[in-house]
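Chemist: Pasting the sequence and the predicted coordinates here, then a few questions.
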Amino acid sequence: MATELLPPFNVRLLFLFLAATATCLASESDALAISTTIQARHLPYGTIIDPVYAAPDSDQIVSYTRCGDSALWTGHYLAAEAFRYKVTGSPDAFTNIKAAIAGIKSLVDVTGNNLLARCIVPLNSPYAQSIMSEETANGIHTADPWFWVGNTSRDEYSGVIFGLAVAYDMVTDSAVKASISNLVTLLVDFVKGHNWSVLMPDGSYSTTFLLRPDQQLTLLQVGRHVNSGHFSTDYDIQKVLLSVTVPAPIGVDVQNNDSYFKFNLDYINLYNLVRLEGGGPFKDLYNQAYSILRNHTRDQQNAHFNMIDRELNGPDATRDAETISLLDQWLQRPKRDPYVNLEGVLPSCNTPDEACSLVPVPQRPTTDFLWQRNPFNLMGGGFGTVEGAGIDYILPYWMARYYGTIANGDSVVSAATGSSVVSPESIASYYGTNLTSDTAQPTTLPLPITLAGISVQVQDSAGATRAAPLFYASQTQINFEVPAGTALGEAKFTVTNSSNAVVSTTTANVQNVAPGLFTADSTGKGVAQAQAIHVGVNGQSSVMPIYQCSGSTCSSTPINLGVDTPTYLELYGTGFRNPSSLSNVSVTINGATVPLLYAGTQGGFVGLDQVDVTVPITMRGTGETNLVLTVDGQIANTVRVNIQ
């Protein structure tokens, strides 16, 4: 199938394309762009709220929404910028940290008694009336020149305490640490001083921590961490009284996935409760609670939860590779909130609005923070007019950078996906600085093992060292084939020069498969590097391009399915030539599985793999949509195709 359908000229162009380019997803540029957008549009009054636009295709802001969870997401945003600052030392990140802390302080100051408000808005804001109308049920309180939203929940306290605790540990500036210590003290003292409940101005209680010993202890744990003299005695007493009960509420939470946001609260609270406990029987009880939570959510493809697990359980190659893939997939999601309804597209189980298996990240319903939503949900969203802040990307991204899941220095990644997982005989890229002073690519086969005066040596987990065939070499990038026979596990990649001196070294995880599909613009996102083949009634086949490019920008070209004769789609990638079985390879288009014809080596070029599928006539009119390749349970980067 591979060689019968394949026009060699197109693939040769692809080969030359690969020799000079490669992709790196889950990128810092994406994270920085999101932070810039947050500064420009999501912090009009100092804390996170989301803009509402006049129409899905309009840039005119007509209101703001999600004010009721502003404290929660400002805490998460603060954590993201704190991890960013620790990794990069960026002055912008430091400025953002101070601004976020000031925003949280405004939520405490505005109430007049150290109660935490949900959000704060100027009375003279042009959006004041619409925000008041939306938040009426939570209670609107006036403190001229502001109004603030009440009915504060445990969610808001948990989010703020999470962000403040992270920032306290990521920033060394004494003034910032002092401001965090003061804020945490005010927040915890208020709740503790009202019998672990949240007292509203009218004398009612909006919520209580009395039934959540895990959250009580987290507040005290963070309190003693930032203000030991004030909270240590209280914490030492309460952990004796409450620690044995910490697993109980977690056990209740995991009985079902209803109110899925509860798991985000559990993770951000246990993150601090566990990591700040030195050891001994109390930490054993906290870990027991965390294990209950993790066992329930481990396989639910959640980048945020994975990064908290990275702190609490250390490196895990499979989980960490999944995290990078999930972040890559997040980038395929819409920035606004169009309504998503996958009923009839994906099989449902239990209830009509719940899928039988995990919904791929790019297709999950739009929301404020993806990782706090049920990954089996088939429907949700709005009208395409609300822009999400993107904290669900920047928080796990900067955590991944901080914990080394995404390499900060020289790195080896899949040339198709940017993931730090590669496979034997796959095409990979080595990124670094001053790798060589020349730029070169070979003009003949077989590929050389020395190019531009350098070579790449691969030492696998079994201790064997092999030279890698090279496609391309430059000052910052080397494209190469992972040598055949490389043992699975962590491998060491070393760049050496003509004097055999080490120029650079790094590691990457080698798995049996590391599926990735190339895209037309080489970013690993967008329209697939592929071609459609239509077979006419006379049996003659014709090739249809599925994309067009102008400079570095590529767009999809609609695939005409015809009337009653087959149309095939050939996609090129790397890292999936060794599946355990062809039955463990699947391709979905618009969420529906399509017939697989072939998956394996392309046959003509080193490291290049190919997958061929039939595009069913029933997909006519689908439009531009996602295509997802899965091999042995490993999901490749999501690419786009356009079906007319």
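Modeler: Received it, and whenever you're ready, just let me know what you need.

Chemist: what pLDDT does Tyr431 get?
Modeler: We have a pLDDT of 87 for Tyr431.

Chemist: so it sits right up against Ala415, yeah?
Modeler: No - counting by CB atoms under 8 Å, Tyr431 stays clear of Ala415, with 10.7 Å between them. The C-beta positions use only the backbone N, C-alpha and C, and glycine is treated the same way.

Chemist: Tell me where the model's unsure across the stretch 451-600 of the chain.
Modeler: The model of the stretch 451-600 of the chain has no residue with pLDDT under 70.

Chemist: Just the pLDDT for the residue lying closest to His296 once chain neighbours are set aside.
Modeler: Nearest non-adjacent residue to His296, counting by CB to CB, 6 or more residues apart in numbering: Val254, 3.9 Å away. Looking at Val254, its pLDDT is 98.

Chemist: Flag the shaky bits of the chain, pLDDT-wise.
Modeler: 1-26, 408-409.

Chemist: hang on, the earlier thing: more crowded one of Tyr431 and Ala415?
Modeler: Ala415 (30 against 19; other CB atoms under 10 Å).

Chemist: Now the phi/psi pair for that one, please.
Modeler: Backbone torsions of Ala415, given as degrees, to the nearest 10, read phi -70, psi -20.

Chemist: Give me the distance between it and Pro558.
Modeler: 28 Å (CB to CB, to the nearest Å).

Chemist: again, but for Val62
Modeler: From Val62 across to Pro558, the span is 34 Å (CB to CB).

Chemist: Which stretches in the stretch 101-250 of the chain count as helices?
Modeler: 128-135, 154-170, 174-193, 213-226, 228-242, 247-253 (DSSP state H, counting those that start in this stretch).

Chemist: With only the CA atoms kept, save the fourth one in CSV.
Modeler: Listed in CSV are the C-alpha atoms of helix 213-226, where the atom choice follows Å, rounded to 0.1, in the frame of the first residue of the first chain:
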residue,chain,number,x,y,z
PRO,A,213,-9.5,18.2,57.5
ASP,A,214,-7.2,18.0,54.5
GLN,A,215,-8.0,21.6,53.6
GLN,A,216,-7.8,22.8,57.2
LEU,A,217,-4.3,21.3,57.6
THR,A,218,-3.2,22.7,54.2
LEU,A,219,-4.1,26.2,55.3
LEU,A,220,-2.1,25.7,58.6
GLN,A,221,0.7,23.9,56.7
VAL,A,222,1.2,26.9,54.4
GLY,A,223,0.7,29.2,57.3
ARG,A,224,3.5,27.7,59.3
HIS,A,225,5.7,27.6,56.2
VAL,A,226,5.4,31.4,55.6
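
Chemist: Quick one: distance of that helix to the chain centre.
Modeler: With CA atoms, centre = their mean, to the nearest Å as the basis, helix 213-226 stands 28 Å off its chain's centre.

Chemist: How about the fifth one?
Modeler: Centre-to-centre, helix 228-242 and its host chain are 36 Å apart (CA atoms, centre = their mean).

Chemist: Quick check: buried residues in that helix?
Modeler: Buried residues in helix 228-242, counted by 16 or more other CB atoms under 10 Å: 231, 235, 238-239, 242.

Chemist: Contacts for it, please.
Modeler: 185, 188, 192, 213, 216-217, 220-221, 223-224, 282 (CB atoms under 8 Å, 6 or more residues apart in numbering).

Chemist: How about the last one?
Modeler: With CB under 8 Å, 6+ apart as the test, helix 247-253 has contacts from 211-214, 262-263, 266, 270, 285, 288-290, 292-293.

Chemist: cutoff 10 Å now
Modeler: Helix 247-253 is touched from outside by 211-215, 259-260, 262-263, 265-266, 269-270, 285-294, 296-297, with contacts defined as CB atoms under 10 Å, 6 or more residues apart in numbering.

Chemist: The first one now?
Modeler: The set of residues external to helix 128-135 that reach it, using CB under 10 Å, 6+ apart, is 45, 49, 52, 62-68, 70, 118-119, 121-123, 125, 127, 140, 146-151.

Chemist: As a check, name the ranges of all strands in the stretch 201-350 of the chain.
Modeler: For the stretch 201-350 of the chain, the strands defined by DSSP state E, counting those that start in this stretch cover 205-208, 336-341.

Chemist: Save the ones you listed as a markdown table, and put in mean neighbour count and distance to Tyr472 too.
Modeler: As requested, these are exported to a markdown table (neighbours: other CB atoms under 10 Å; distance: least, CB to CB, whole Å):
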| stretch | mean neighbour count | distance to Tyr472 |
| --- | --- | --- |
| strand 205-208 | 16 | 58 |
| strand 336-341 | 17 | 38 |
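
Chemist: Out of those strands, the one nearest Leu597 is which?
Modeler: Among those, the nearest to Leu597 by CB to CB is strand 336-341 (29.8 Å).

Chemist: Now do the helix or strand following that closest one: distance to the chain's middle.
Modeler: Downstream of strand 336-341, the next assigned helix or strand under DSSP states H and E is strand 379-387. Relative to its chain's centre, strand 379-387 lies at 20 Å (CA atoms, centre = their mean).

Chemist: who touches strand 379-387?
Modeler: Here strand 379-387 makes contact (CB under 10 Å, 6+ apart) with 37, 41-42, 50-59, 61-66, 334-343, 352-354, 364-368, 373-374.

Chemist: Could you rerun that using 8 Å?
Modeler: By CB under 8 Å, 6+ apart, strand 379-387 touches 41-42, 50-56, 58, 65-66, 334-343, 353, 365-367, 373.

Chemist: how long is stretch 77-96 from one end to the other?
Modeler: Chord length of stretch 77-96, first to last residue, is 9 Å (CA to CA, to the nearest Å).

Chemist: Give me the residues contacting that stretch.
Modeler: With CB under 8 Å, 6+ apart as the criterion, stretch 77-96 contacts 31, 35, 38-39, 48, 97, 100-101, 104, 162-164, 166-167, 169-171, 173, 389, 391, 394-395, 397-399, 401-402, 408.

Chemist: can I see the domain layout of this protein?
Modeler: Using automatic domain parsing, the domain parsing of the chain gives 2-25+516-643, 38-196, 411-510.

Chemist: Can you lay out those as TSV showing distance to Gly314?
Modeler: Listed next are these as TSV, based on distance: least, CB to CB, whole Å:
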stretch	distance to Gly314
domain 2-25+516-643	22
domain 38-196	17
domain 411-510	14
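
Chemist: that older thread, kindly reformat the helices of the stretch 101-250 of the chain as a markdown table containing distance to Ala636.
Modeler: Formatted as a markdown table, those follow (distance: least, CB to CB, whole Å):
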| stretch | distance to Ala636 |
| --- | --- |
| helix 128-135 | 40 |
| helix 154-170 | 32 |
| helix 174-193 | 42 |
| helix 213-226 | 38 |
| helix 228-242 | 46 |
| helix 247-253 | 33 |
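
Chemist: Tell me which of those helices sits nearest to Met200.
Modeler: Going by CB to CB, the one of those nearest Met200 is helix 174-193, 11.9 Å.

Chemist: List the buried residues in the closest one.
Modeler: Buried residues in helix 174-193 (16+ other CB under 10 Å): 176, 179-181, 183-192.

Chemist: picking that back up, I only care about the contacts of stretch 77-96 that end up buried; give me the ChimeraX line for that.
Modeler: Only the buried entries of the contacts of stretch 77-96 go into this ChimeraX selection, using 16+ other CB under 10 Å:
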select :31,35,38,48,97,100,101,104,162,163,164,166,167,169,170,171,389,391,394,395,397,398,399,401,402
